[in-house]
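1. output the structure for:
(chains A and B)
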Protein chains: 2
Amino acid sequence: MTLALTGGYSAVQFRYPAELSLTVRKIANFCIGNLICAQYRFMDGHYLTVAHWEGDTIMKKINIEANTYVYPNPVTLVGTEVEGRANFMALGWVSRVNAKPPLIGIGVNRVHYTAKGIQETKTFSINYPTADMVEVVDYCGIVSGKKVDKSDVFEFFYGYLKTAPMITECSLCMECKLIDTVELPTNYFFIGEIVASYTEEKYLTDGKPDIKKMNPLLLTMPDNSYWTVGEFAGKAWSIGKKLKK
Amino acid sequence: MTLALTGGYSAVQFRYPAELSLTVRKIANFCIGNLICAQYRFMDGHYLTVAHWEGDTIMKKINIEANTYVYPNPVTLVGTEVEGRANFMALGWVSRVNAKPPLIGIGVNRVHYTAKGIQETKTFSINYPTADMVEVVDYCGIVSGKKVDKSDVFEFFYGYLKTAPMITECSLCMECKLIDTVELPTNYFFIGEIVASYTEEKYLTDGKPDIKKMNPLLLTMPDNSYWTVGEFAGKAWSIGKKLKK
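-> Modelled structure (predicted):
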């Protein structure tokens, strides 16, 4: 139950019925008996003052399990040579980690065949499949190179590094030299320097990779779904300038 | 120029006119004078044999700069307390890095105010904005907490950790305890354990965060554009099963 009122400045502790106790701060409040009045400030300078009965749930945040994921993961194929043979694994746990030099990191389970290959050759590749490759990408995430020879799944090529196979039909291929391995409980986090990247003219706009032409895949876990990229939503380092005071 | 033929098995070195010399392997080939015949094998077992004149460019891969990015980055807001005040920064360099316990890593430039906060409190939060928050997200990526007090930009709350402010209007908030810092040339890669995650019923389907209800943002660099998530493209660890032999 809510009621519009005006109020002065202070800080207030809201208690929730769930196990979670949330402190909402930087808001104005005052009390009339067990009626708590809170003033919410919005970015545009507009204020809204609302009264809550003590004990009311004003925000229904719920605590879900800690094992949540990134929304969404990009979908890549990691190329390695393991025991002298090319292998490709689907991977979503990837991020740039350093600006200069360009470093990229990947989280790979310690038991994966790909981890063995990266440790052997100190090289790997990151390849961006197009959305129409979804079946073969998923196949590379289902079968292990330990049991199945995946060297004939794709046409591939090599660049400067001679042990980082890159996938011809992928829209963008990065060849990476291992520079650091972070040992974590179940995974390795391999950090590689991108020594070169390969694409085709048809994927570029103004000389830069164009995500709508690349048409890559996204992955969500734990619902285990692939997605495409949707609509343009604004220019970064630009659309927020109007909020500068 | 190409010509369809059939051929036997071997390996062939293709030379390209650019600085890039690519070895295409695991394909059948034979030569008739300076005509090279290559047999391409597709996943469905179908073969295509094509003849190339020696020196022809059969694949127009071009070597672009090494400083390429992840397609796409997820868009998050990192919450920290710096010098006792809440601060929020837009961040796309994020990935899960370990399965159990659930670890997540973020690449943060060493000069960012957020890096100072994480080092001070050993905690941080990862918050997923909805697409309609694009302006305020971008604002948090443009202005530094060193110069502008961003503690009044959002309503925020705390969970178990008392120094990881989480954003009320975000669809999913993860509170993280710092467990490792990887020092890289221009950036820190902070690795945190997710101790709890908070969402609202309206963002869940079957108890799991639903990306279409969350409606998060994506970011591409260096074209610096935000995107939304598009269409469902298949079930992961499932759609590729049909390719198993």
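2. every contact and neighbour count from this point should use C-alpha atoms.
-> OK.
3. what about the residue in chain A that chain B sits nearest to, which SS state?
-> Chain B sits closest to A:Gly230 of chain A, with a gap of 3.6 Å, by Cα to the nearest Cα. Here A:Gly230 is strand, with the state taken from DSSP: H, G, I helix; E, B strand; the rest coil.
4. the longest strand anywhere in chain A and chain B, are they touching?
-> What stands out as the longest strand in chain A, according to DSSP state E, is strand A:187-200. Yes - judged by Cα under 8 Å from any Cα of the partner chain, strand A:187-200 comes into contact with chain B at A:Asn187, A:Tyr188, A:Phe189, A:Ile194, A:Val195, A:Ala196, A:Ser197, A:Tyr198, A:Thr199, A:Glu200.
5. picking up where we left off before, wait, the residue of chain A closest to chain B touches B:Val229, no?
-> Yes - the criterion here is Cα atoms under 8 Å, and A:Gly230 meets it with B:Val229 at 4.6 Å.
6. who has more neighbours, the two?
-> B:Val229 (22 against 16; other Cα atoms under 10 Å in any protein chain shown).
7. each with direction, which strands does the longest strand of chain A pair with?
-> Partners of strand A:187-200 in the sheet, by DSSP bridges, are strand A:103-109 (antiparallel), strand A:172-183 (antiparallel), strand B:61-64 (antiparallel).
8. which SSE is immediately downstream of the shortest one?
-> Later in the chain than strand B:61-64, the nearest helix or strand by DSSP states H and E is strand B:73-74.
9. who does the residue most central in space within chain A bridge with?
-> Geometric centre of chain A, nearest residue: A:Asn73, 4.1 Å, by Cα atoms, centre = their mean. Beta-bridge pairing for A:Asn73 (DSSP bridges): A:Leu219.
10. from B:Pro216, how far out is it?
-> As defined by Cα to Cα, to the nearest Å, A:Asn73 lies at a distance of 12 Å from B:Pro216.
11. could you name every residue contacting both of those two?
-> B:Pro74 (Cα atoms under 8 Å, 6 or more residues apart in numbering or on different chains).
12. ok, A:Ala196 - contacts?
-> A:Gly159, A:Tyr160, A:Met174, A:Glu175, A:Cys176, B:Asn63, B:Ile64, B:Glu65, B:Ala66.
13. select from those residues the one having the most neighbours.
-> Counting by other Cα under 10 Å, top hit in the contacts of A:Ala196: A:Met174 with 32 neighbours.
14. do you know the pLDDT at that residue?
-> According to the prediction, A:Met174 has pLDDT 97.
15. now swap in A:Ile62 and tell me
-> pLDDT at A:Ile62 comes out at 88.
16. same question, A:Tyr9
-> A:Tyr9 carries a pLDDT value of 27.
17. swap in A:Phe190?
-> pLDDT, A:Phe190: 98.
18. and it, how many neighbours does it have?
-> 25.
19. that one bridge partners, please.
-> A:Ile106, A:Thr181.
20. please enumerate the helices of chain A.
-> A:113-121, A:134-142, A:211-214 (DSSP state H).
21. buried stuff in the first one?
-> Residues of helix A:113-121 classed as buried under the neighbour-count rule (16 or more other Cα atoms under 10 Å in any protein chain shown) are A:Tyr113, A:Thr114, A:Ala115, A:Lys116, A:Gly117, A:Ile118, A:Gln119, A:Thr121.
22. what's in contact with that helix?
-> With contact meaning Cα under 8 Å, 6+ apart, helix A:113-121 is reached by A:78-83, A:87-89, A:108-109, A:124, A:144-146, A:163, A:178, A:188.
23. try 10 Å
-> Here helix A:113-121 makes contact (Cα atoms under 10 Å, 6 or more residues apart in numbering or on different chains) with A:78-89, A:107-110, A:122-125, A:144-147, A:161-164, A:177-178, A:181, A:187-190.
24. quick check on those residues: which are buried?
-> Neighbour counting over the contacts of helix A:113-121 (16+ other Cα under 10 Å) leaves A:78-82, A:86-89, A:107-110, A:122-125, A:144-145, A:161, A:163-164, A:177-178, A:181, A:187-190 as the buried ones.
25. so A:Ile104 touches A:Ser95, yeah?
-> Yes - using Cα atoms under 10 Å, A:Ile104 is in contact with A:Ser95, at 5.7 Å.
26. intersection of neighbour lists for these two?
-> Joint contacts of A:Ile104 and A:Ser95 (Cα under 10 Å, 6+ apart) are A:Ile191, B:Tyr69, B:Val70, B:Trp93, B:Gly107.
27. compare these and tell me which is most surrounded.
-> Counting by other Cα under 10 Å, top hit in the shared contacts of A:Ile104 and A:Ser95: B:Gly107 with 27 neighbours.
28. okay, it: pLDDT?
-> At B:Gly107, the predicted lDDT confidence score is 98.
29. equivalent analysis for A:Asn127, please.
-> pLDDT, A:Asn127: 98.
30. the residue nearest to A:Lys146 when sequence neighbours are not counted and B:Tyr139, how far apart?
-> Leaving aside its chain neighbours, A:Lys146 sits nearest to A:Tyr113 (6.0 Å; criterion: Cα to Cα, 6 or more residues apart in numbering or on different chains). The gap separating A:Tyr113 from B:Tyr139 is 43 Å, by Cα to Cα.
31. swap in A:Cys173?
-> Counting by Cα to Cα, the gap from A:Cys173 to B:Tyr139 is 32 Å.
32. so between the two, which is more surrounded?
-> Taking other Cα under 10 Å, A:Cys173 and B:Tyr139 do not tie; A:Cys173 has more neighbours (29 against 23).
33. just grab the bridge partners of that one for me.
-> Legend: beta-bridge partners of A:Cys173 under DSSP bridges are A:Asn127, A:Tyr198.
34. and it, what does it touch?
-> Contacts of A:Cys173 (Cα under 10 Å, 6+ apart): A:76-79, A:125-129, A:157, A:165-167, A:194, A:196-199, B:61, B:63, B:68.
35. A:Ile239 too?
-> By Cα under 10 Å, 6+ apart, the contact set of A:Ile239 is A:Ala233, B:Val134, B:Glu135, B:Val136, B:Val137, B:Asp138, B:Tyr139, B:Ile142, B:Ser225, B:Tyr226.
36. nearest to A:Lys245, out of the helices of chain A?
-> Nearest to A:Lys245, of all those, is helix A:211-214, at 32.7 Å by Cα to Cα.
37. what's the closest one in contact with?
-> A:128-131, A:170-172, A:199-200, A:202-205, A:228-232, B:71-72, B:219-221, B:223, B:225, B:227.
38. what do you get if the cut-off is 8 Å, keeping everything else the same?
-> Residues contacting helix A:211-214 (Cα under 8 Å, 6+ apart): A:Thr130, A:Ser171, A:Leu172, A:Lys202, A:Tyr203, A:Leu204, A:Val229, B:Tyr71, B:Pro72, B:Thr220.
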